[in-house]
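Enquirer: sequence and predicted structure are below.
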Number of protein chains: 2
Amino acid sequence: MRLNPPPGDGDTGPAEAARIRQRGSVMRDVARLAGVSHQTVSRVLNDHPNVRQETRLRVLEAMRALNYRRNLAARTLVTRRSRTLGIIGFETTLFGPASMLYGIEDAARRAGYFVSVATVPNLDRQSILDAIDRLCQQSVEGIVAIAPKPTVTNALLQVPAGLASVGVGGAVDDDAVPTVRIDNADGARLATQHLLDLGHATVHHVAGPPDWPEAHERIEGWRRTLYAAGAIVPPVEPGAWTARSGYEQGRLLAADPSVTAIFCGNDQIALGVLRALHEAGRRVPEQVSVVGFDDTPDSEYFIPPLTTVRQDFAELGRRSLTVLLHQIDQQHDAAPPDHVVLAPELVARASTASPGRARRRTRAPLSD
Amino acid sequence: MRLNPPPGDGDTGPAEAARIRQRGSVMRDVARLAGVSHQTVSRVLNDHPNVRQETRLRVLEAMRALNYRRNLAARTLVTRRSRTLGIIGFETTLFGPASMLYGIEDAARRAGYFVSVATVPNLDRQSILDAIDRLCQQSVEGIVAIAPKPTVTNALLQVPAGLASVGVGGAVDDDAVPTVRIDNADGARLATQHLLDLGHATVHHVAGPPDWPEAHERIEGWRRTLYAAGAIVPPVEPGAWTARSGYEQGRLLAADPSVTAIFCGNDQIALGVLRALHEAGRRVPEQVSVVGFDDTPDSEYFIPPLTTVRQDFAELGRRSLTVLLHQIDQQHDAAPPDHVVLAPELVARASTASPGRARRRTRAPLSD
DNA sequence: CGGTAGAGTGTGATCGGTAACATCAAGATC
DNA sequence: GATCTTGATGTTACCGATCACACTCTACCG
């Protein structure tokens, strides 16, 4: 009493053709066309050695003719490997996170993985756990968290055993989660030392949010460099990663004539500082030198072009994928977690100069 | 002769417990613990009405106890619905595309969809087709293309029948692919008219790449507005979306004393133009007015704060998802494709003023 | 009081692949 | 020549869900 009796195996009639048109062809269709069993088709797909060359070609030809695409869901179900990696992203509209996302996706594609993203509205523990849960539902084989706060790496510890994970861009948390990041303290040192070397007595710092390890590490790197040089260490006010925050703190610094050098937590902050200085009539770099952090594409066209500390976000993303794939391949959770640290690089442009020396701009003098 | 005889249905022994620990629990485990059939568990999961309240609670409790998560791959396989949407992204490190990506992901999550991304290194047809292919392998139910060139929307026509798709941020191509975008011509009109209203005799334009419909539409909107006002239409040089491009063209315009108003294809270009004007000693807005396009977060802190045309990228992303979900729900391919057009908005800041009138900056005068 | 409707639940088939095992011919080994 | 290996292929079970359908039991109807 079946209403839709399944067609016999020999059926290649119009009903089958209609199904293929509507839903695409499946392995059985390819097998039938090539005159082999579905298992042989599977062998061809997976580059199994024991297939005669002639058979292989026939199967490949049938696959092309039917525009066959293998079904990831079916494969995932039986192999328990989804070939998918998950990314947890935060503030992915900023240049840094967006670039890391790009780097990760690029590397994942090359490695034959699909990429699923879960952005979180904020970094509280529950949001992160929700994101992890969503990715787990998709049976991802690994998770990259672009979300550099301890809450996140802590939450990563919650991922089911056997699921690979890596945090990128944050700070070393010294726990069991592998991380990939740049040496923020060294970046801060580069910036600060650069300014000291130019002859500045000390360097002020407009920092990012202090609860971000990245901001904290930069503060520490700056502080230690000043200390090592015997320079006084000016106070640091808590700020945000935004141009607004830089502008607000910049106005205060601009009003203080003793300030000759400012190291900013990132390029956005530097943008705000530059405008505050400009509005106060303090010339950069003649009167005040400014250094940023990140080397966003725009920073080269700030007024003046910004000296900054470059971090290669895309490379950061790629490296995090290397670490993740390493975990997936090894499956030896005996090994200690990797902690990759990349070196930042100072990019000297026109926003820094020796104090007091009225170096003129290169291109053209101001008219008034 | 089976080496691993499957445990009987009543088995709740240590072997089962080990499997659950390693691979997670499945529906059968939940069913067993709750003393019901797997089908009843499925009914509870899918909010089927015909389940007794008490049974439902028992099942829910068992699910919680076993930390059960339903397997998306298995579901996808049998329902042919992956609950996953695909995003094709290009230059996703820029603020605009990154924001759209964010908006899409956000809306997708709320709608109960997962999101898989495929970024493309460039916009040639083959790259797009590869990306589509990769997403199809994942059985996505719809594709959003953040890649506003005709090659892309054309390629979208190639997606298998029945697969929803939408292009976001590009231009109306008048073909069968639905699109969501802003009215670029109107944005250009707003900018141009704003400058004309301030009393400028005409407005110069530093455009984006002419093979991008967005750039083209802005050029046309600018041109038509000038024409309607009886103003002369200065020539347009082909450019890129970058600050460098703006800087290079800006230097030429800065050298021409008759130039009093410049409309830029986007905020990056405006940044470059601002610096070129600054270096040439031409004051903004006293001598030259500048308008951007996009309203990136930084533009408010340019020197001076940039008057620009705001487009709500995140909203663009969200709306594109609405269109996509509408397609998925309807399945009436009879209906003509949606073309949603959002209105841009002029954000007047300090980079524009009437020509000749030596309006001083608000905050503080330049010192020299 | 038999018949029907519908709520609540269980059984078996199925999705499209892969893994394990079976088969079978041809050549190698003893 | 019988046995063993090995290459090439087919058969069947299985992954973990959902769907179609069957079944039981109660309520209500004429």
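Expert: Structure received.

Enquirer: for A:Asn71, which residues are in contact?
Expert: For A:Asn71, the residues meeting the contact criterion (Cβ atoms under 8 Å, 6 or more residues apart in numbering or on different chains) are A:26, B:77, B:139. For the C-beta atoms, the positions are set from N, CA and C on the backbone; glycine is no exception.

Enquirer: state the distance from it to B:Pro160.
Expert: Applying Cβ to Cβ, to the nearest Å, one obtains 13 Å for the distance of A:Asn71 from B:Pro160.

Enquirer: so of the contacts of A:Asn71, which ones are in helices?
Expert: Among those, the members falling in helices are B:Leu77 (criterion: DSSP state H).

Enquirer: please name the nearest non-neighbouring residue to A:Arg310.
Expert: Excluding its sequence neighbours, the residue lying closest to A:Arg310 (Cβ to Cβ, 6 or more residues apart in numbering or on different chains) is A:Asp295, at 3.7 Å.

Enquirer: just give me the neighbour total for that neighbour.
Expert: Applying the criterion other Cβ atoms under 10 Å in any protein chain shown, we find 24 residues in the vicinity of A:Asp295.

Enquirer: and what of the one 3 residues further on?
Expert: Each residue near A:Asp298 was counted by other Cβ under 10 Å, and the total is 22.

Enquirer: verify the stated contact: the residue nearest to A:Arg310 with A:Thr307.
Expert: No. Counting by Cβ atoms under 8 Å, A:Asp295 stays clear of A:Thr307, with 9.7 Å between them.

Enquirer: between those two, which contacts overlap?
Expert: Counting by Cβ under 8 Å, 6+ apart, the residues touching both A:Asp295 and A:Thr307 are A:Val347.

Enquirer: and the helices in chain A, which stretches?
Expert: A:14-23, A:27-34, A:38-45, A:53-66, A:72-79, A:95-110, A:125-137, A:150-156, A:184-197, A:213-228, A:243-254, A:267-279, A:313-330.

Enquirer: before we move on, back to that, between the contacts of A:Asn71, identify the one with the most neighbours.
Expert: Neighbours were tallied for each of those (criterion: other Cβ under 10 Å), and the maximum of 23 neighbours falls on B:Ser139.

Enquirer: retrieve the pLDDT associated with that residue.
Expert: Residue-level confidence at B:Ser139 comes out at 92, pLDDT.

Enquirer: contact residues of the stretch 1-150 of chain A facing DNA strand C?
Expert: For the stretch 1-150 of chain A, the contact set with DNA strand C under Cβ under 7 Å from any atom of the strand comprises A:6, A:23, A:26-28, A:38-39, A:42, A:45-46, A:68-71, A:74-75, A:77-79.

Enquirer: out of everything not next to it in sequence, what's closest to the spatially most central residue of chain A?
Expert: Within chain A, one residue has its C-alpha closest to the average C-alpha position: by Cα atoms, centre = their mean, that is A:Met100, at 2.2 Å. Setting aside the residues directly before and after it, A:Met100 is nearest to A:Gly317 in space (Cβ to Cβ, 6+ apart), at 4.1 Å.

Enquirer: now do the same contact list for the one you found.
Expert: Residues in contact with A:Gly317, defined by Cβ under 8 Å, 6+ apart, are A:99-107, A:144, A:146, A:168.

Enquirer: give me the number of residues near A:Asp197?
Expert: Other residues close to A:Asp197 by other Cβ under 10 Å number 11.

Enquirer: an error on my part: the question was meant for A:Asn67.
Expert: Taking other Cβ under 10 Å as the criterion, the count of residues near A:Asn67 is 10.

Enquirer: verify the stated contact: it with A:Arg23.
Expert: No. If you go by Cβ under 8 Å, A:Asn67 and A:Arg23 don't touch, sitting 11.9 Å apart.

Enquirer: thought A:Ile128 was touching A:Thr119?
Expert: No. With contact taken as Cβ under 8 Å, A:Ile128 and A:Thr119 are classed as non-touching, separated by 11.3 Å.

Enquirer: shared neighbours, those two?
Expert: Overlap of the contact sets of A:Ile128 and A:Thr119 (by Cβ under 8 Å, 6+ apart) consists of A:Ile88.

Enquirer: list the contacts for A:Pro160?
Expert: A:Pro160 sits next to A:136, B:24 when contact means Cβ under 8 Å, 6+ apart.

Enquirer: dihedrals phi and psi, it?
Expert: For A:Pro160, the backbone dihedrals (degrees, to the nearest 10) come out as phi -50, psi 140.

Enquirer: list the buried residues of stretch A:328-348.
Expert: Residues of stretch A:328-348 classed as buried under the neighbour-count rule (16 or more other Cβ atoms under 10 Å in any protein chain shown) are A:328, A:337-340, A:344, A:346-347.

Enquirer: closest to DNA strand C among those residues?
Expert: For the buried residues of stretch A:328-348, the minimum distance to DNA strand C (Cβ to the nearest atom of the strand) is 15.6 Å, reached by A:Ile328.

Enquirer: could I get the contacts of A:Gly317 as TSV with pLDDT?
Expert: As requested, those are arranged in TSV below (pLDDT from 0 to 100):
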residue	pLDDT
A:Ser99	93
A:Met100	93
A:Leu101	93
A:Tyr102	93
A:Gly103	94
A:Ile104	95
A:Glu105	94
A:Asp106	93
A:Ala107	95
A:Val144	94
A:Ile146	89
A:Val168	90
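
Enquirer: how close does the residue nearest to A:Met100 sit to A:Asp186?
Expert: In this view, A:Gly317 and A:Asp186 are 20 Å apart by Cβ to Cβ.

Enquirer: cool, and A:Ser42?
Expert: For A:Ser42 relative to A:Asp186 (Cβ to Cβ), the value is 51 Å.

Enquirer: higher neighbour count, these two?
Expert: For A:Ser42 and A:Asp186, the more surrounded residue by other Cβ under 10 Å is A:Asp186, and the numbers stand at 19 against 16.

Enquirer: surely that one and A:Leu342 touch.
Expert: No. Proximity of A:Asp186 to A:Leu342 does not meet the contact threshold set by Cβ under 8 Å, at 9.9 Å.

Enquirer: is A:Val152 in contact with A:Ile128, as I believe?
Expert: Yes. Counting by Cβ under 8 Å, A:Val152 does reach A:Ile128; the two are 5.4 Å apart.

Enquirer: and for the two, which residues touch both?
Expert: Going by Cβ under 8 Å, 6+ apart, residues that sit against A:Val152 and also against A:Ile128 are A:88, A:145.

Enquirer: now do stretch A:339-355: distance to the chain's middle.
Expert: Going by Cα atoms, centre = their mean, to the nearest Å, the spacing between the C-alpha centre of stretch A:339-355 and its chain's C-alpha centre is 20 Å.

Enquirer: and it, C-alpha only, in CSV?
Expert: Coordinates of the C-alpha atoms in stretch A:339-355 are reproduced here as CSV (Å, rounded to 0.1, in the frame of the first residue of the first chain):
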residue,chain,number,x,y,z
HIS,A,339,51.6,30.0,22.3
VAL,A,340,52.7,31.7,19.2
VAL,A,341,53.9,35.2,19.5
LEU,A,342,54.6,37.4,16.5
ALA,A,343,56.9,40.4,16.5
PRO,A,344,55.4,43.8,15.8
GLU,A,345,57.3,46.3,13.7
LEU,A,346,57.7,50.0,13.9
VAL,A,347,56.7,52.0,10.9
ALA,A,348,58.3,55.4,11.0
ARG,A,349,56.4,58.1,9.2
ALA,A,350,56.0,61.9,9.6
SER,A,351,54.2,62.2,13.0
THR,A,352,57.4,61.8,15.0
ALA,A,353,60.5,64.0,15.2
SER,A,354,63.0,65.3,17.7
PRO,A,355,61.6,67.8,20.2
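
Enquirer: wait, does it contact chain B?
Expert: No. Under the criterion of Cβ under 8 Å from any Cβ of the partner chain, stretch A:339-355 makes no contact with chain B; the nearest approach is 10.4 Å.

Enquirer: repeat that for stretch A:203-214.
Expert: No. Contact between stretch A:203-214 and chain B, assessed by Cβ under 8 Å from any Cβ, is absent, since the two come no nearer than 13.2 Å.
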